[in-house]
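Asks: 3D model of this:
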Amino acid sequence: MASTVESATDHLSKLGIDGGFANSASNLRKNLHLLSSEQIELAKMLIEMGQSHLFEHWPEPGIDDEEKRALFDQLAQLNSSYPGGLKSYIEIARELLADSKTGKNPFDGFTPSVPTGEALSFGDDIFMNYEQAGIREAKNAAFVLVAGGLGERLGYNGIKVALPAETSTGTCFLQHYIESILALQDASCRLAQGECQKEIPFVIMTSDDTHSRTLELLESNFYFGMKPTQVKLLKQEKVACLDDNDARLALDPKNKYRIQTKPHGHGDVHSLLYSSGLLKIWHDAGLKWVLFFQDTNGLLFKAIPASLGVSAAKQYHVNSLAVPRKAKDAIGGITKLTHTDGRSMVINVEYNQLDPLLRATGFPDGDANCETGFSPFPGNINQLIFELDPYIEDLKKTGGAIKEFVNPKYKDASKTSFKSSTRLECMMQDYPKTLPPNARVGFTVIDTWLAYAPVKNNPEDAAKVPKGNPYHSGTSGEMAIYRANSLILKKAGVQVDDPVQQVFNGQEVEVWPRIAWTPKWGLTFSEIKKKVGGSCSISQKSTMVIKGRNVSLQDLSLDGTLIVDSVDGAEVTVRGSVKNKGWMLENVDYKDTSVPEEIRIRGFKINKIEQLEKKYSEPGKFCLEL
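Replies: Below you'll find the model as predicted:
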């Protein structure tokens, strides 16, 4: 043992570690022979950064040696996965924690104004032209799904992308997203001149919590029809938690040889894409766009074609998808910020920051509605479209690092101690903060009913939402899909009965006919219009499911449930009258544990009493006369 300690002492001397090290971390010094040269260098840095508390409890050599090594394995991983390493993480944390304690205004010196963007009206000629332009561009796009979270907040113990987007078909969010991308790929290649063999890349950012389960969901369902080579999973690492304003790294309360970690936020997607080398591969393949979206918005792809068309027409480097926003709604506003030094940027400002910022900069009414009845600052829905080449150029400078923030929960007004550990966080929509002044950053406003129905609140929390505000629950998310499909068909000329009000899990919602279709049937409005003809009508109690590309509705009267399922080579015309007992919605109590989680978080189940179901498994032309 003596020789081991002596060799460690010699090694310390070579590393330039003096007696001060022994005084600040004597327990660590006794155990240095357990560590590699690289780990000793890491230890030296941590001591210099005021982290000697990590080793104060270390016992004599021979006790818990494997646990000691495991701590350094974790520290090395945390050091390598953060741009600039743990030293940079601690330095940034101290600066941000100091700003938080003093209440520094992050927008000090900035004046807000309304940025430039495009507001679309569903179904008019401008909208349809943008949709066609977006379809043409889609073959040159890559899609990135930020899916690092579990569904615990929803009352669901699985991964959120495995939840059904709606229960009439049972299609989960991940299947819906993949089928939408494949439909875009197919439609875009059909519009291309000559041969088009392009496959749209699809990246999923996962986490420790979701990675293996996401992979299992894909593999067990044969990637929902997408080629496995098109799909790439990038796992996001967590970051170290912080115990106090000095940014002392927090030890895990359950294991003194582990650092407590928490998610860093979806802003990590930029550094992951950069470090993976995928952006260069996409550039070399001639791609032009990267589209980012989040995990539980079942309406999003109805807005993608038109929004991508806007990006192409306006040559936006960054295009934020947005919806009309009522003043003071709990949704961030897309805002142009101009600094006194001349800098400007177009960025999301969180709703709780927008009103005080406006009041402090010459807007006495703060966040107020304008003559349209909405705030002039459109609502950010965290779906982004980037032009690839400027994105790559910017990431070469930043490595994908996004400006972070910290949100400690203090025990009292002195702001000297936390209720629980905190950590640095980053958001993908803060990317424009790193852009040069000449960057073209805009937005596209799409009707809320068409573009935005996230599923993020559990039934109990949703039921407490003030009346008139969105529930953002499993209940409202599914009903929003039926509403959107009903309104699209109405716009296409179908007579669709008005909804009825019903209460599920304490939430009063509009119940429209339960209409669902696969993305390849109706990707754009112009496509849907071509597949609906004559005098068609659908009653409120009805359910209609279309699974197939070439299904046309001609003079159809539906009062019940109709399911048409056809292969791509089958052309099916449906005409006549369908009347049956259909499918009924039955209330379910979310506390009823005999019901599967994915059903009880909605507050209803479907009782399939009677339906007409027709399947066409061979190519050809068919007419379903009813």
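
Asks: Got the domain ranges for this protein?
Replies: The chain is divided into the following domains under the TED database: 1-81, 119-325+377-456, 462-625.

Asks: Tabulate the ones you listed (CSV), appending mean neighbour count.
Replies: All C-beta atoms are positioned from the backbone trio N, CA, C, and that covers glycine. Output for the domains of the chain, formatted as CSV (neighbours: other CB atoms under 10 Å):
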stretch, mean neighbour count
domain 1-81, 16
domain 119-325+377-456, 19
domain 462-625, 18
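
Asks: residues in contact with the closest residue to residue 502 other than its chain neighbours?
Replies: Using CB to CB, 6 or more residues apart in numbering and skipping residues adjacent in sequence, the residue nearest residue 502 is residue 511, 4.9 Å away. By CB atoms under 8 Å, 6 or more residues apart in numbering, the contact list for residue 511 reads 479, 482, 499, 500, 501, 502, 540, 585.

Asks: Specify which member of those residues is nearest to residue 380.
Replies: Of all the contacts of residue 511, residue 479 has the smallest distance to residue 380: 23.1 Å, by CB to CB.

Asks: was I right about that closest one contacting residue 513?
Replies: No: the pair residue 479 / residue 513 is not scored as a contact, 11.2 Å apart, by CB atoms under 8 Å.

Asks: any residues in contact with both of those two?
Replies: In contact with both residue 479 and residue 513: no residue, using CB under 8 Å, 6+ apart.

Asks: Residue 69 should be in a helix, yeah?
Replies: Yes: counting by DSSP: H, G, I helix; E, B strand; the rest coil, residue 69 is located in a helix.

Asks: quick revisit: in TSV, list the domains of the chain along with mean pLDDT and distance to residue 348.
Replies: Putting the domains of the chain into TSV (pLDDT from 0 to 100; distance: least, CB to CB, whole Å) gives the following:
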stretch	mean pLDDT	distance to residue 348
domain 1-81	82	26
domain 119-325+377-456	95	4
domain 462-625	97	17
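
Asks: Determine which of these approaches residue 98 most closely.
Replies: Per CB to CB, nearest to residue 98 of the domains of the chain: domain 119-325+377-456, 7.1 Å.

Asks: Show me where the stretch 301-450 of the chain has its strands.
Replies: Remark: strands assigned in the stretch 301-450 of the chain by DSSP state E, counting those that start in this stretch are 318-323, 333-339, 344-349, 379-387, 405-406, 424-425, 441-445.

Asks: What segments of the stretch 151-300 of the chain are strands?
Replies: Under DSSP E, counting those that start in this stretch, the stretch 151-300 of the chain gives strands at 202-206, 231-235, 239-240, 251-252, 255-259, 261-262, 289-294.

Asks: Let me have these in TSV, adding distance to residue 69 as columns.
Replies: Output for the strands of the stretch 151-300 of the chain, formatted as TSV (distance: least, CB to CB, whole Å):
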stretch	distance to residue 69
strand 202-206	27
strand 231-235	23
strand 239-240	18
strand 251-252	16
strand 255-259	9
strand 261-262	18
strand 289-294	38
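
Asks: Among those strands, single out whichever gets nearest to residue 66.
Replies: strand 255-259 (9.1 Å).

Asks: related to what we said a few turns ago, make a markdown table from the domains of the chain and add distance to residue 345 to it.
Replies: What follows is the domains of the chain, written out as a markdown table (distance: least, CB to CB, whole Å):
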| stretch | distance to residue 345 |
| --- | --- |
| domain 1-81 | 28 |
| domain 119-325+377-456 | 5 |
| domain 462-625 | 28 |
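
Asks: related to what we said a few turns ago, between the strands of the stretch 301-450 of the chain, which gets nearest to residue 193?
Replies: Among these, strand 379-387 comes nearest to residue 193, with 22.5 Å by CB to CB.

Asks: helices and strands around the closest one, which ones?
Replies: In terms of contact count using 3 or more CB pairs under 8 Å, 6 or more residues apart in numbering; DSSP states H and E, strand 379-387 is assigned the packing partners strand 289-294, helix 304-314, strand 318-323, strand 333-339, helix 448-451.

Asks: now those in a markdown table, with distance to residue 41?
Replies: Below are the helices and strands packed on strand 379-387 laid out as a markdown table (distance: least, CB to CB, whole Å):
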| stretch | distance to residue 41 |
| --- | --- |
| strand 289-294 | 37 |
| helix 304-314 | 46 |
| strand 318-323 | 39 |
| strand 333-339 | 40 |
| helix 448-451 | 50 |
